[in-house]
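# What would the 3D arrangement of this be:
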Amino acid sequence: MRGSPEERAAVKKSFERMNLKEKAAYIFAYYKLPLFTAFVVLAVAVSSLYHYITKREEVLYLAYVNFAPGETLTGELSDEYLDFTGRDPQKTEVLIYDALYIDEDPALADHQYAYASRMKILGAINAGKMDVAIMNENAFKQMSASGLLLKMDMVLIPDPSLAEQIQPYVVEGTVIIEDNSVEYNLNEADTYEAVTEQVENAIDVSEFPVFVNAGIKDKLYIGVIGNTRHIDEVRTYLAYLLNHN
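This is a model prediction of the structure:
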């Protein structure tokens with residue numbers, strides 16, 4: 001409070017003569033900005049502390065692309081995996097990117113959603129926060145063509161036992177090495193041309209019991225994202241899916 005000593009003394013005496021309601025109104029009128037600032041700081045501190053206490057370690061990043069499992073199957077693909085590895089689901093989690101939809105030539109009504117999904121996928125991959133994608137056939141073709149999937153031999157060779165079990169389900173995808181898509185889209189080329197190669201970069205999981213028992217009838221694939229940071233975890237997850245009934 002600014003002012004001369006006499007003014008401050010007068011204000012103090014006046015404040016002492018106020019009743020409780022008047023004192024509260026006085027304090028609010030003259031100190032509401034500092035009080036509001038203190039409240040905001042306290043709220044942020046409490047929120048940060050709560051987030052820190054309740055935050056779970058993300059052990060695996062899983063994406064559903066053109067694939068929508070029900071609640072029961074989602075539990076088998078996430079929480080039951082944590083149980084399988086002996087982890088506490090209160091402290092760890094499989095982070096899931098769901099409701100992702102991509103299409104090579106989406107209908108006009110789906111174009112914006114497909115574009116947003118593609119950007120979300122690329123953003124997560126660039127941030128190193130996507131390890132495994134479960135995809136239908138259409139999504140697999142596009143993820144493969146874009147070169148986003150790791151070659152399966154790089155996943156399986158370090159674990160010969162797992163490789164022997166999964167190898168019968170490994171499939172090839174087409175990877176575009178180079179093309180003239182920019183020129184073609186700008187009408188600077190009459191025809192689209194591309195140099196491609198066939199790469200074993202996914203697993204056909206359509207016959208895995210966990211998906212068969214869930215009533216999944218369409219072709220379903222699992223691919224490992226090329227820059228995954230959890231390759232050992234990925235191997236454990238693939239072994240879990242292969243043997244989970």
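# lowest average confidence, helix or strand, in the chain?
The weakest-scoring helix or strand in the chain, judged by mean pLDDT, DSSP states H and E, is helix 20-54 (a mean of 56).
# Show me what stretch 212-224 is in contact with.
67, 69-70, 72-73, 76, 131-137, 139-140, 143-144, 148-150, 152, 155, 171, 173, 201-206, 211, 231, 234, 238, 241, 245 (Cβ atoms under 8 Å, 6 or more residues apart in numbering). Using the backbone N, CA and C atoms, a C-beta is placed for each residue, glycine as well.
# run the last query once more with 6 Å
Contacts to stretch 212-224, defined as Cβ atoms under 6 Å, 6 or more residues apart in numbering, come from residues 73, 132-137, 140, 143, 149-150, 155, 202-206, 211, 234.
# Over to stretch 149-161?
Outside stretch 149-161, the residues that touch it by Cβ under 6 Å, 6+ apart are 143, 162-163, 170, 199-201, 223-224, 226, 235.
# At the geometric centre of this structure, which residue do we find?
Closest to where the C-alpha atoms of the chain average out (Cα atoms, centre = their mean) is residue 97, at 4.3 Å.
# ok but it is inside a strand, no?
Yes - according to DSSP: H, G, I helix; E, B strand; the rest coil, residue 97 belongs to a strand.
# gap between the two ends of stretch 103-113?
In stretch 103-113, first residue to last residue: 10 Å (Cα to Cα, to the nearest Å).
# buried set for that stretch?
103, 106 (16 or more other Cβ atoms under 10 Å).
# Tell me where the protein has helices.
5-17, 20-54, 71-77, 79-84, 108-126, 137-145, 152-156, 160-166, 181-185, 209-212, 231-243 (DSSP state H).
# Quick one: distance of the fifth one to the chain centre.
For helix 108-126, the gap between its own C-alpha mean and the chain's C-alpha mean amounts to 13 Å (Cα atoms, centre = their mean, to the nearest Å).
# Please enumerate residues in contact with it?
Counting by Cβ under 6 Å, 6+ apart, 100-103, 106, 130, 225 sit against helix 108-126.
# Recalculate using a threshold of 10 Å.
61, 63, 65-66, 95, 97, 99-107, 129-131, 133, 139, 142-143, 146, 148, 225-228 (Cβ atoms under 10 Å, 6 or more residues apart in numbering).
# Stretch 74-89 now?
Outside stretch 74-89, the residues that reach it (Cβ under 10 Å, 6+ apart) are 56-57, 59-60, 62, 64, 68-69, 72-73, 90-96, 98, 132, 134, 210-211, 213-214, 233, 236-237, 239-241, 243-245.
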